[in-house]
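Chemist: kindly return the folded structure for what I paste below:
(one chain, ligands or ions: 2)
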Amino acid sequence: MDIGIIGAGAIANVMLKRINGDQHENLTIKSVFVRNEEKYNHLEDEFSVQLYTDLEAFLASGIDIVVEAADVAAVKARLPEVLKHKDAMLVSVGALADGELVADLMQTAKKYDHTLHLPSGAIGGLDLLQNVQSHGELERVRLTTRKPASSLSYEDAESEKVIFEGKAADAITHYPKNMNVSIILGMAGVGIEETEVTLIADPEIDRNIHQIEVEGAFGNAEFKIENRALPENPKTSYLAAISILGTLERLNRHFSIG
Ligand SMILES: NC(=O)C1=CN([C@@H]2O[C@H](COP(=O)(O)OP(=O)(O)OC[C@H]3O[C@@H](n4cnc5c(N)ncnc54)[C@H](O)[C@@H]3O)[C@@H](O)[C@H]2O)C=CC1
Ligand SMILES: O=C([O-])CC(=O)C(=O)O
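Modeler: Ligands and ions are numbered 1, 2, ... in the order given. Sure thing, here's the model as predicted:
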């Protein structure tokens, strides 16, 4: 499968290394869409990719799927056009807090017979949430995220500090680079207006920790994910990149788990 990536930051770099660098047997990154070609020229030699700054040319570059690894604004600006031409996968799922954008993307995907894939990113357990929710048996979902204080610009904090408490829909507005997980959790579960979120800046930790508590008629569940951060962008967990890789690898399988 030939892949086009939007963005060339921390997540895109893990993907370039793990797919092109390690010569993945089924996947190749062929094209990278960037805003500043000069800044990323070195990628062409290092990973045998072609850089594009023109979306039309990028979409016509012989790729099978587009992976967005840029930011919420890029999803809003680019995905409606991308989905007319290609299947797509996006990691800046926070953009989907915008109900109008979701409706637009769903309509486009249906009209052009394309699929929008949303990897689980820096968390897990979304299969359970979707199974329970589809029978109306989910009652409560709570996310408590702890990140190193320095990655949230709270370098001076001497003890842990709650910096946000509220619903996922508001969390992503205040922390668009840190709370994508709350939106995918909301979409899989009780909705972004009902999903309860606490974000804590913690000077004692060096991992991005997501604790998810779920209650419903089925019983209850807890997941705790202690993520290693990416050195290039400590806000972002390594698992977020790996979740894209895993989702891409599963696309062409003839069996499915979960
Ligand atoms: N779903 C999840 O669980 C997670 C999602 N994320 C999100 O994934 C996205 C990527 O994360 P990182 O790689 O760590 O970010 P990063 O900041 O290291 O890299 C993003 C890259 O995209 C580029 N970019 C921004 N807008 C663009 C546009 N319109 N066109 C082309 N390139 C553009 C930037 O110049 C930068 O090189 C972010 O939105 C981040 O918040 C991060 C972690 C977890
Ligand atoms: O990478 C993480 O741990 C979570 C994150 O930044 C996000 O959800 O935006």
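Chemist: can you list the domain ranges for this protein.
Modeler: Domain ranges of the chain: 2-118+240-250, 126-227, per automatic domain parsing.
Chemist: helix or strand for Lys76, which one?
Modeler: helix 72-85 (DSSP states H and E).
Chemist: now the residue nearest the centre of the chain: how far from ligand 2?
Modeler: The centre of the chain sits closest to Val91, judged by C-alpha atoms, centre = their mean, with a distance of 2.3 Å. To ligand 2, Val91 is 9 Å away according to C-beta to the nearest ligand atom, to the nearest Å. All C-beta spots, glycine's among them, are computed from the backbone N, C-alpha and C.
Chemist: wait, that residue touches Ser237, no?
Modeler: No. Assessed by C-beta atoms under 8 Å, Val91 is found out of contact with Ser237, at 11.0 Å.
Chemist: number of residues surrounding Ser151?
Modeler: 20 (other C-beta atoms under 10 Å).
Chemist: mind listing what the residue nearest to it when sequence neighbours are not counted touches?
Modeler: In space, Ser151 comes closest to Pro234 once its chain neighbours are excluded; the distance is 4.3 Å by C-beta to C-beta, 6 or more residues apart in numbering. With contacts taken as C-beta atoms under 8 Å, 6 or more residues apart in numbering, Pro234 has the following neighbours: 148, 150-151.
Chemist: repeat that for Leu138.
Modeler: Contacts of Leu138 were listed using C-beta under 8 Å, 6+ apart, and they are 129, 132, 189-190, 214-216.
Chemist: which members of those residues are positioned in strands?
Modeler: 214-216 (DSSP state E).
Chemist: ok, and the most crowded of the residues you listed?
Modeler: Going by other C-beta under 10 Å, Val214 tops the ones in strands among the contacts of Leu138 with 24 neighbours.
Chemist: was I right to think that residue contacts Arg140?
Modeler: Yes. Here Val214 reaches Arg140: they are 7.2 Å apart, a contact under C-beta under 8 Å.
Chemist: can you show me the strands along the chain?
Modeler: 2-6, 28-33, 50-52, 65-68, 87-90, 116-117, 138-148, 161-167, 196-202, 208-216, 219-227, 229-230, 233-237.
Chemist: mind checking these for the one nearest to ligand 1?
Modeler: strand 233-237 (3.3 Å; C-beta to the nearest ligand atom).
Chemist: Gly246 versus the closest residue to Gly216 other than its chain neighbours, what's the distance?
Modeler: In this structure, Gly216 finds its nearest non-sequential neighbour in Leu138, 4.3 Å apart by C-beta to C-beta, 6+ apart. Noted for Leu138: a distance of 24 Å to Gly246, by C-beta to C-beta, to the nearest Å.
Chemist: enumerate the residues of this structure near ligand 1.
Modeler: 6-12, 33-35, 69-72, 74, 77, 91-93, 121-122, 177, 180-181, 184, 232-233, 236-237, 240 (C-beta under 6 Å from any ligand atom).
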